[in-house]
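Asker: Just to be clear, the model below is a prediction. Sequence and coordinates:
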Amino acid sequence: MESRRFLITGGSQGIGAALVEAARADDDQVVFTGRNHDLIEELAGRTGAVGIAADVAVAEDNARTVTEAVDRMGGIDVLVNNAGWGYGAPIGELDVDRMRQLFDTNVFGLVDLTNRVVPLMKEQGGGDIVNIASTSGIKGHPNGTAYSASKWAVRGISQCWQAELRPHDIRVISVCPSEVQTNWGGRSGRNNPNKLFAPDIAEVVMAALGADRRALWPEVSVFATNPWKEPEG
Ligand SMILES: NC(=O)c1ccc[n+]([C@@H]2O[C@H](COP(=O)([O-])OP(=O)(O)OC[C@H]3O[C@@H](n4cnc5c(N)ncnc54)[C@H](OP(=O)(O)O)[C@@H]3O)[C@@H](O)[C@H]2O)c1
């Protein structure tokens, strides 16, 4: 397969970092973003990917990210909108300003960056956009007003972009992971062998991207087979 040019947001750790590693293992070129300088440096040094400190919620950072990605790689074949964070609170106690901040990253940042990349992809005659949504965007749950709503929005936006961009040979793939044992919400150290790990999601994304360009996987959910099973040993 020909080497592809990836731009991955939130690649400094978790699912994004697993994707950086999977793409580099496939000999693809990768530019990734994040905010934690130490993590960015470590992953870039280890994989040969290019890491950029950039906040997806900041428009100027998104402009700089796209310019740098194009300067480094000559174009963008795959945009992975992965950067995101969570905030949970019951309705009646919700901090609406915090919900707005969450939307600035999970929704408006994703839209702003894609808005800048799509013209390039149209000019190139195609591309792939992967939006990391969540099973929280398929089924609501207690304390999920802000996060769940942001991921429902990502799924809805993905459907709009599919309708708009299929005629331009741009595939839009929405991926909905269930619980993944990353540093999500500061919950580091989880290591249950029966629950999902970041590379499980990276594998699914790479499989969707690896399908013949005739084939579009519009949405894929990823669950653990039996997360209730007690770890052995
Ligand atoms: N873990 C789960 O159970 C789960 C389930 C379903 C969906 N997801 C989704 O998967 C995606 C990745 O989550 P994860 O589990 O890998 O979480 P994680 O380990 O906390 O990693 C989140 C990544 O996003 C980056 N990030 C967050 N806000 C950012 C911003 N404003 N600008 C740039 N980068 C930003 C972080 O960068 P820095 O650390 O450098 O700031 C980090 O690299 C998120 O969209 C999340 O909603 C996760």
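Answerer: Ah, there it is. Please read all numbers here as calculations on a predicted model, not as lab measurements.
Asker: ok, residue 198 to residue 39 distance?
Answerer: Remark: distance between residue 198 and residue 39 (Cβ to Cβ, to the nearest Å) = 13 Å. The way it works is simple: take the backbone N, C-alpha and C, and place the C-beta from them, glycine included.
Asker: For residue 147, which residues are in contact?
Answerer: Contact analysis of residue 147 by Cβ atoms under 8 Å, 6 or more residues apart in numbering lists 86, 87, 88, 102, 106, 134, 136.
Asker: please redo it, this time with the cut-off set to 6 Å
Answerer: Contact partners of residue 147, counting by Cβ atoms under 6 Å, 6 or more residues apart in numbering, are 86, 136.
Asker: likewise residue 184?
Answerer: Applying Cβ under 6 Å, 6+ apart to residue 184 gives no contacts.
Asker: Could you number the chain from 8 rather than 1 from now on?
Answerer: Let's use 8 as the start, then, which means that last one is residue 191.
Asker: Please report how far it lies from residue 197.
Answerer: In this view, residue 191 and residue 197 are 9 Å apart by Cβ to Cβ.
Asker: Identify the residue nearest the geometric centre of the chain.
Answerer: Nearest to the mean C-alpha position of the chain, by Cα atoms, centre = their mean, lies residue 89 at 1.7 Å.
Asker: Hmm, residue 16 and that one touching each other?
Answerer: Yes: with contacts counted by Cβ atoms under 6 Å, residue 89 reaches residue 16, the gap being 5.4 Å.
Asker: outside of the longest strand along the chain, which residues touch it?
Answerer: Ranked by residue count, the top strand of the chain under DSSP state E comes out as strand 177-184. By Cβ under 6 Å, 6+ apart, the residues outside strand 177-184 that reach it are 128, 133-142, 145, 162, 165, 168-169, 172, 208, 212, 215, 223-224, 226-229.
Asker: Which members of those residues additionally contact the ligand?
Answerer: 139, 141 (Cβ under 6 Å from any ligand atom).
Asker: Among the contacts of strand 177-184, which are located in helices?
Answerer: Taking DSSP state H, the ones among those that sit in helices are 128, 162, 165, 168, 169, 172, 208, 212, 215.
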